[in-house]
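Engineer: sequence and predicted structure, then a few things I'm wondering about:
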Amino acid sequence: MQDKATRRQFLKVAGMSGAALSVGNFGFLEKVPPVSAQEARVTPALVKLDAGIEPLVRLIEDTPQAELLEQVAQRIRQGTTYQQAVAALFLAGVRNIAPRPNVGFKFHAVMVINAAHQESLASPETDRWLPIFWALDEFKKSQVMEQHDSGWRMAPVNESIVPPPHKAKAAFITAMDNWDEKNADAAIAGLVRSAGANEIYELFYRYGARDFRSIGHKAIFVGHSWRLLQFIGWQHAEAVLRSLAFACLNHDVKNTTPALSDEPADRPWRRNQKLVAGMGSDWMSGKVDDGGTRDMLAVLRQGTDEEACDKAVALIGSGISPQSIWDALFIAAGEIVMRQPNVPNVHSMSSANALRYAFQASGDDVTRKLLILQDCAFITRFRDAARGKIADLRVDDIKPLAVKESSGAIEEIFSDVSADHVSAAKKIHYYLSNGGSPQDLMNAARRLIFLKGRDAHDYKFSCAVLEDYFKVSPAWRNQFLAASSFYLKGSGEKDNVLVQRTRAAMKL
């Protein structure tokens, strides 16, 4: 009976719209099981979290990997909610895993949590705990790596240098512009305590997109952290944003900082700030144009980052909608994955997803212009960074291929995903072009990620692609989703062993 009640609690939370999940909606904290004083104690050298969530965070941190899923399942049966489990996992991640030396690698255990959460919300109720339990296990792997490699854990803020409220924003901007880690850490703490969420993230939309280091992970972390904070509550923001600021300041310039050098990773941002100054105030009023998308795509396939940014500005200036530019960017990212479906290239898609999300969330006109131009530069850099065998493929090559049995079309498609990506892509195009249900196809794709996914990129990629399907114009939408078959999971692949363990723990 308790299991059913817990699932109802989850569905009530998961089914709410983003607007309904306000930062004041935390009645669930009263249901946290009693925890001993010893378990809740935090060492002086470790940053403290909200008192209500600290015990569950400690449980996740301190329980061995082999026992964690079962321990969390027990807490869920005792009344811990889905929202609280996600919050504790995310906070354990930012407190125990450093976003250095690259905003990736072991830090993917943090980066993947929003993708797992988004996939969970979009899935049938019987599957919704699977991605979260997978993310719990992934955290434990990275936590062990971090402790072995560096022993890093987030320390308390240096309160002696936290700026007063009226100076916090200026101090943060100065520190970030100067790549000053110590003062940025103190300033973001002061800013979180005095400013609103939207005001702070307007700054991060820019800092996450200003350079190509970490192959887009900075922008990805900006988007993922903002979306999770809207779900778990702004009272958890300080630790999260300290981690985010630290991530955005990652660089590889020796003996100086990017502010005092001229590195290739920084040049598009500097140049694009000059370009946007010449874009008119009516730049969003153009028309969606298929020809404009093709013109933009041609430059993204062969041109330099400067040529791509110039082309976008010229097309928008001629009356083409930014939507047509985004269509080209998404298709170009899909082609990069098609030609070489590996982990680095997957970030062309997940970073485009993050920049597009920021583009929609930002209320600053200049920021929005910069975000679309930065993705133009990012896509060309992903394209040029590819090494080794690269297939000669374009979305134009994905011609519709009829499925053999309409009643089993989805099964046939995902069988092909395991054996022949090109055939699977063509059948997806046919299925969607002939009245097939995108939602049914997506549900099947997600379920296969849950059952067979073994890497954070499986979740990040599928989350980005399946979300962005609806952001691509109808003329390109089917080809875009078809191209995703090159990195989705097929039905012929082996199941992830965590599925059976999760279901046993939850007694689903």
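Structural biologist: Looks like it arrived, so ask away. Residues are numbered from 1 along each chain as shown.

Engineer: residues of stretch 472-487 that come out buried?
Structural biologist: Neighbour-count burial for stretch 472-487, counted by 16 or more other Cβ atoms under 10 Å, picks out 472-473, 476-487. Every C-beta, even on glycine, is put in place using the N, C-alpha and C of the backbone.

Engineer: distance between it and the chain's centre?
Structural biologist: Distance of stretch 472-487 from the chain centroid (Cα atoms, centre = their mean, to the nearest Å) equals 19 Å.

Engineer: the stretch 151-300 of the chain: helices as residue ranges?
Structural biologist: Taking DSSP state H, counting those that start in this stretch to define them, one finds helices in the stretch 151-300 of the chain at 165-177, 181-192, 197-209, 217-232, 237-248, 267-276, 290-302.

Engineer: out of these, which comes closest to residue 497?
Structural biologist: For residue 497, the closest of the helices of the stretch 151-300 of the chain is helix 217-232, at 26.2 Å, according to Cβ to Cβ.

Engineer: for the closest one, list the C-alpha coordinates in PDB.
Structural biologist: The C-alpha trace of helix 217-232 is given here as PDB (Å, rounded to 0.1, in the frame of the first residue of the first chain):
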ATOM      1  CA  HIS A 217      29.800  21.700 -21.500                       C
ATOM      2  CA  LYS A 218      29.700  25.100 -19.900                       C
ATOM      3  CA  ALA A 219      26.500  26.100 -21.700                       C
ATOM      4  CA  ILE A 220      25.100  22.700 -21.100                       C
ATOM      5  CA  PHE A 221      25.700  23.000 -17.300                       C
ATOM      6  CA  VAL A 222      24.100  26.500 -17.300                       C
ATOM      7  CA  GLY A 223      20.900  25.100 -18.900                       C
ATOM      8  CA  HIS A 224      20.800  21.900 -16.800                       C
ATOM      9  CA  SER A 225      21.400  23.700 -13.500                       C
ATOM     10  CA  TRP A 226      18.700  26.300 -14.200                       C
ATOM     11  CA  ARG A 227      16.100  23.700 -15.100                       C
ATOM     12  CA  LEU A 228      16.900  21.600 -12.000                       C
ATOM     13  CA  LEU A 229      16.800  24.500  -9.700                       C
ATOM     14  CA  GLN A 230      13.300  25.400 -10.900                       C
ATOM     15  CA  PHE A 231      12.300  21.900  -9.900                       C
ATOM     16  CA  ILE A 232      14.200  21.400  -6.600                       C
END
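
Engineer: which helices and strands sit right next to it?
Structural biologist: Where contact means 3 or more Cβ pairs under 8 Å, 6 or more residues apart in numbering; DSSP states H and E, helix 217-232 is packed against helix 82-96, helix 108-121, helix 197-209, helix 237-248, helix 343-361.

Engineer: redo these as TSV? Include distance to residue 223.
Structural biologist: Below are these laid out as TSV (distance: least, Cβ to Cβ, whole Å):
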stretch	distance to residue 223
helix 82-96	14
helix 108-121	8
helix 197-209	8
helix 237-248	11
helix 343-361	4
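
Engineer: these into CSV, with extra columns for distance to residue 279, mean pLDDT and mean neighbour count?
Structural biologist: CSV is the format used below for the helices and strands packed on helix 217-232 (distance: least, Cβ to Cβ, whole Å; pLDDT from 0 to 100; neighbours: other Cβ atoms under 10 Å):
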stretch, distance to residue 279, mean pLDDT, mean neighbour count
helix 82-96, 36, 97, 25
helix 108-121, 31, 94, 26
helix 197-209, 16, 98, 21
helix 237-248, 25, 98, 24
helix 343-361, 14, 97, 24
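
Engineer: related to what we said a few turns ago, turn the helices of the stretch 151-300 of the chain into TSV, including distance to residue 106.
Structural biologist: Putting the helices of the stretch 151-300 of the chain into TSV (distance: least, Cβ to Cβ, whole Å) gives the following:
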stretch	distance to residue 106
helix 165-177	24
helix 181-192	19
helix 197-209	20
helix 217-232	12
helix 237-248	13
helix 267-276	27
helix 290-302	32
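
Engineer: so which of the ones you listed is nearest residue 461?
Structural biologist: Comparing those by Cβ to Cβ, helix 217-232 comes nearest, at 11.4 Å.

Engineer: next, the angle helix 343-361 makes with that closest one.
Structural biologist: 50 degrees (axes from the mean of the first three to the mean of the last three Cα atoms, to 10 degrees).

Engineer: how about helix 217-232: buried residues?
Structural biologist: Buried-residue list, helix 217-232, by 16+ other Cβ under 10 Å: 217-229, 231-232.

Engineer: of the residues you listed, closest to residue 465?
Structural biologist: Looking across these and measuring by Cβ to Cβ, the closest to residue 465 is residue 220, at 13.9 Å.

Engineer: dump the residue contacts of that closest one.
Structural biologist: By Cβ atoms under 8 Å, 6 or more residues apart in numbering, residue 220 lies in contact with 111, 208, 347, 350, 351, 353, 354, 460.

Engineer: thought residue 219 was touching the third one, still the case?
Structural biologist: By that I understand residue 347. No - the criterion here is Cβ atoms under 8 Å, and residue 347 misses it with residue 219 at 9.9 Å.

Engineer: overlap in contacts of those two?
Structural biologist: Common neighbours of residue 347 and residue 219 (Cβ under 8 Å, 6+ apart) do not exist.

Engineer: would you say residue 48 is within a helix?
Structural biologist: No - using DSSP: H, G, I helix; E, B strand; the rest coil, the assignment for residue 48 is coil, not a helix.

Engineer: tell me how many other residues surround it.
Structural biologist: Neighbours of residue 48 under the rule other Cβ atoms under 10 Å: 13.

Engineer: ok, the one 5 residues further on next?
Structural biologist: Per other Cβ under 10 Å, the neighbour tally for residue 53 reads 22.

Engineer: give me the pLDDT value at residue 123.
Structural biologist: With respect to pLDDT, residue 123 has a value of 83.

Engineer: contact partners for residue 479?
Structural biologist: Going by Cβ under 8 Å, 6+ apart, residue 479 touches 331, 334, 395, 398, 429.

Engineer: can I have the buried ones of these as a PyMOL selection?
Structural biologist: Only the buried members of the contacts of residue 479 enter the following PyMOL selection, criterion being 16+ other Cβ under 10 Å:
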select buried, resi 331+334+395+398+429
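
Engineer: and residue 320, its phi and psi?
Structural biologist: Backbone torsions of residue 320, given as degrees, to the nearest 10, read phi -90, psi 140.

Engineer: these two touch, right, it and residue 286?
Structural biologist: Yes - assessed by Cβ under 8 Å, residue 320 is found in contact with residue 286 at 4.9 Å.

Engineer: of these two, who's got more company?
Structural biologist: residue 320 (22 against 19).

Engineer: that older thread, looking at the helices and strands packed on helix 217-232, spot the one closest to residue 389.
Structural biologist: helix 343-361 (12.3 Å).

Engineer: give the other helices and strands that that closest one contacts.
Structural biologist: On a contact count with 3+ Cβ pairs under 8 Å, 6+ apart, helix 343-361 meets helix 197-209, helix 217-232, helix 322-339, helix 365-385, helix 456-468.

Engineer: so how far is that helix from its chain's centroid?
Structural biologist: 8 Å.

Engineer: what about residue 504, neighbour count?
Structural biologist: 12.

Engineer: do you know how far it is from residue 205?
Structural biologist: From residue 504 across to residue 205, the span is 42 Å (Cβ to Cβ, to the nearest Å).
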